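Engineer: Show me the folded form of this:
(chains A and B)
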There are 2 protein chains.
Amino acid sequence: MTRFRLTVEYDGSPFMGWQRQPHGPSVQQAIEEAVHAITRETVTLHGAGRTDAGVHALAMAAHVDIEKPISAFRLADGLNAKLRPLPVAILAAQEVAGDWHARFSCVGRRYIYRIENRRAPLALHAKRAWRVPLVLHADAMDRAARILVGRHDFTTFRSAHCQAESPVKTLDLLRVRRFGTSIEIEAAARSFLHHQVRSMVGCLELVGCGKWTERDLKDALRARDRAALGFNAPPDGLYFAEAVYEEDRRNANSF
Amino acid sequence: MTRFRLTVEYDGSPFMGWQRQPHGPSVQQAIEEAVHAITRETVTLHGAGRTDAGVHALAMAAHVDIEKPISAFRLADGLNAKLRPLPVAILAAQEVAGDWHARFSCVGRRYIYRIENRRAPLALHAKRAWRVPLVLHADAMDRAARILVGRHDFTTFRSAHCQAESPVKTLDLLRVRRFGTSIEIEAAARSFLHHQVRSMVGCLELVGCGKWTERDLKDALRARDRAALGFNAPPDGLYFAEAVYEEDRRNANSF
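Structural biologist: Residues are numbered from 1 along each chain as shown, chains lettered A, B, ... in the order given. Just a heads-up that it's a prediction; the model follows:
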């Protein structure tokens, strides 16, 4: 048996989310079925994160155990052939140790949220960004974002369905930058609560268009109450961008 | 009668191209029909360029004459409402002088061509970029691109269907830059021959993967013969990025 680490890009718009669902297509099911088509093995794919319906990934990390002897290179090519025409691509596959776990070994997760700040509908970025017609002040959003960085009880920014044991998380990075009409929000932490990024982005948008002050955001955080939330930003703009592992850092340092 | 200048973004993948065709959908027809739905007028839309099937636009310029009194703001909003769910968006509309012409007043056109240089299929950028699995040397492509800059007879890079009077054009800019796995090629000129950008990109790709030397590219240009062409890059990666007009420059200078 060999454990393979997979790096996966996907367009989340046609899926119910990453996780297998009884009532609709998921990225997990698509890849598990592609593995089955190649190996005839019924496998379980483990991901570093579980993205919601409509959320995308630039580089989701996952692992799967396979009995059949196959090289990582042939596995990636074979999966990509079987996944066609679904918008899921295996960017890389590599053999890893049997105790390497995509979810439990992951020490950092990074998301990117993309806003298109314009009145016109999105032709090229439909379902790939959140269109906000009101003028947003990205600098004000970036200043307000610093309120949320650090170790906090993020109950306000947590879905009612969140399964995490504790609402206390350490947010390492929350940065807002404007590139023309695009606004990019980057968030990094060891782990996030369910809906945390979309909830934070929803509140930052309120700050950006002047409906909320920094004080309102501080109060919402301190309230530790979901009812204090502005609102959840839609899934369309959210991308799982990176999963970080200790051994990647060690390998990077060994150059 | 008022002449309106429109700035249009579109995803070219579901269209036969910009220009109205008897046998399939076009961007021109979609916008003309949207104008008709608002004004009951049968109009002709004139564009700064005529993109091929599958080619996109970040900001195509066009104009249309309308009898019905309507503000530019309401026209843009109305067109966007009627165009839904087609991937065509009116980014801006403005009243212009009756002798302003999207095609004939245009003094500069800029295209961007996007390559994704990777083995894996494109999940997020399907139909929005050209996937090239062979490793491309963007620096070598950028050096070779300088051979094509300037005033040349571009017969080698011209489609058999090209309607331009002369094959002699002045290429103002041809630049190749790498951003991670993406390679972006930027081309600017007063005007281009039919298929010129895709033909130039096709040859630069041959240089990038080592199949062609700079000498081969020089010979191809000098041959002034379509048979000397490497090949046309596919339409998926091509974006009409900008149309330049004298009055925009004047307005920009008046700040």
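Engineer: where's A:Trp130 relative to chain B, distance?
Structural biologist: 15 Å (C-beta to the nearest C-beta, to the nearest Å). For glycine as for every other residue, the C-beta is placed from the backbone atoms N, C-alpha and C.
Engineer: Which strand residues bridge that residue?
Structural biologist: A:Ile115 (DSSP bridges).
Engineer: who's in contact with it?
Structural biologist: A:113-116, A:201, A:233-234, A:236-237 (C-beta atoms under 8 Å, 6 or more residues apart in numbering or on different chains).
Engineer: right, and the helix or strand after the one helix or strand A:Met200 maps to?
Structural biologist: Per DSSP states H and E, A:Met200 falls inside helix A:196-208. Going down the chain from helix A:196-208, the next helix or strand is helix A:214-223, by DSSP H and E.
Engineer: and the closest residue to A:Ala220 other than its chain neighbours, what pLDDT?
Structural biologist: With sequence-adjacent residues excluded and distances taken as C-beta to C-beta, 6 or more residues apart in numbering or on different chains, A:Ala220 is closest to A:Ala228, at 4.4 Å. Per-residue pLDDT puts A:Ala228 at 90.
Engineer: how near is A:Ala228 to chain B?
Structural biologist: A:Ala228 is 34 Å from chain B, by C-beta to the nearest C-beta.
Engineer: Just name the shakiest helix or strand of chain A by mean pLDDT.
Structural biologist: None of the helices or strands of chain A scores lower by mean pLDDT, DSSP states H and E than helix A:246-253, at a mean of 75.
Engineer: ok, and the closest residue to chain B within the stretch 151-255 of chain A, which helix or strand is that part of?
Structural biologist: Relative to chain B, the nearest point of the stretch 151-255 of chain A is A:Tyr239 (8.4 Å; C-beta to the nearest C-beta). According to DSSP H and E, A:Tyr239 maps onto strand A:238-245.
Engineer: So what touches that strand?
Structural biologist: For strand A:238-245, using C-beta under 8 Å, 6+ apart, the contacting residues are A:48-49, A:51-52, A:55-61, A:100, A:102, A:105-114, A:186, A:197-198, A:201.
Engineer: And stretch A:212-222, by the same measure?
Structural biologist: Counting by C-beta under 8 Å, 6+ apart, stretch A:212-222 makes contact with A:143-144, A:147-148, A:152, A:154, A:156-157, A:203-204, A:206-207, A:228-230, all of which sit outside it.
Engineer: Could I have the buried ones of those residues as PyMOL selection syntax?
Structural biologist: In PyMOL syntax, the buried subset of the contacts of stretch A:212-222 is picked out as below (16 or more other C-beta atoms under 10 Å in any protein chain shown):
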select buried, chain A and resi 144+147+148+152+154+156+157+203+204+206+207+228+229+230
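Engineer: Among the contacts of stretch A:212-222, which one sits closest to A:Phe179?
Structural biologist: In terms of C-beta to C-beta, no member of the contacts of stretch A:212-222 lies closer to A:Phe179 than A:Leu204, at 16.3 Å.
Engineer: Just to check, that closest one is in contact with A:Glu186?
Structural biologist: No. Using C-beta atoms under 8 Å, A:Leu204 is not in contact with A:Glu186; the gap is 11.8 Å.
Engineer: And for A:Met1, the neighbour number?
Structural biologist: 8 (other C-beta atoms under 10 Å in any protein chain shown).
Engineer: Equivalent analysis for A:Ala123, please.
Structural biologist: Residues lying near A:Ala123 (other C-beta under 10 Å) number 23.
Engineer: ok, now which ones touch it?
Structural biologist: By C-beta under 8 Å, 6+ apart, A:Ala123 lies in contact with B:9-11, B:87-89.
Engineer: Likewise for A:Ala76?
Structural biologist: By C-beta under 8 Å, 6+ apart, A:Ala76 lies in contact with A:6, A:90, A:92-93, B:119-120.
Engineer: repeat that for 7 Å
Structural biologist: A:90, A:92-93 (C-beta atoms under 7 Å, 6 or more residues apart in numbering or on different chains).
Engineer: ok, which of those also contact chain B?
Structural biologist: A:Ile90 (C-beta under 7 Å from any C-beta of the partner chain).
Engineer: Out of the contacts of A:Ala76, who's the most crowded?
Structural biologist: Neighbour counts for these (other C-beta under 10 Å) peak at A:Ile90, which has 27 neighbours.
Engineer: Pretty sure that residue sits in a helix.
Structural biologist: No. In this structure, A:Ile90 is strand, not part of a helix, as judged by DSSP: H, G, I helix; E, B strand; the rest coil.
Engineer: so it makes contact with A:Val8?
Structural biologist: Yes. Using C-beta atoms under 7 Å, A:Ile90 is in contact with A:Val8, at 6.0 Å.
Engineer: quick one: A:Thr51 and A:Trp18 touch, right?
Structural biologist: Yes. Using C-beta under 7 Å as the test, A:Thr51 is close enough to A:Trp18 to be in contact (4.5 Å).
Engineer: Give me the more crowded residue out of those two.
Structural biologist: Taking other C-beta under 10 Å, A:Thr51 and A:Trp18 do not tie; A:Trp18 has more neighbours (27 against 23).
Engineer: Next, the contact list for the more buried one, please.
Structural biologist: A:26-28, A:47, A:50-51.
Engineer: how near is it to A:Asp225?
Structural biologist: With distances taken as C-beta to C-beta, to the nearest Å, A:Trp18 is found 28 Å from A:Asp225.
Engineer: How about A:Lys68?
Structural biologist: In terms of C-beta to C-beta, A:Lys68 sits 51 Å off from A:Asp225.
Engineer: For stretch A:68-87, buried residues please.
Structural biologist: Buried residues in stretch A:68-87, defined by neighbour count with 16+ other C-beta under 10 Å: A:70, A:72, A:75-80, A:82-83, A:86-87.
Engineer: Flag every residue of the stretch 51-200 of chain A that's near chain B.
Structural biologist: With the criterion set to C-beta under 7 Å from any C-beta, the stretch 51-200 of chain A comes near chain B through A:56, A:80, A:84, A:87-91, A:120-124, A:126.
Engineer: Kindly recompute the last result at 8 Å.
Structural biologist: Neighbours of chain B within the stretch 51-200 of chain A, by C-beta under 8 Å from any C-beta of the partner chain: A:56, A:58, A:76-77, A:80, A:83-84, A:87-92, A:118-124, A:126, A:128.
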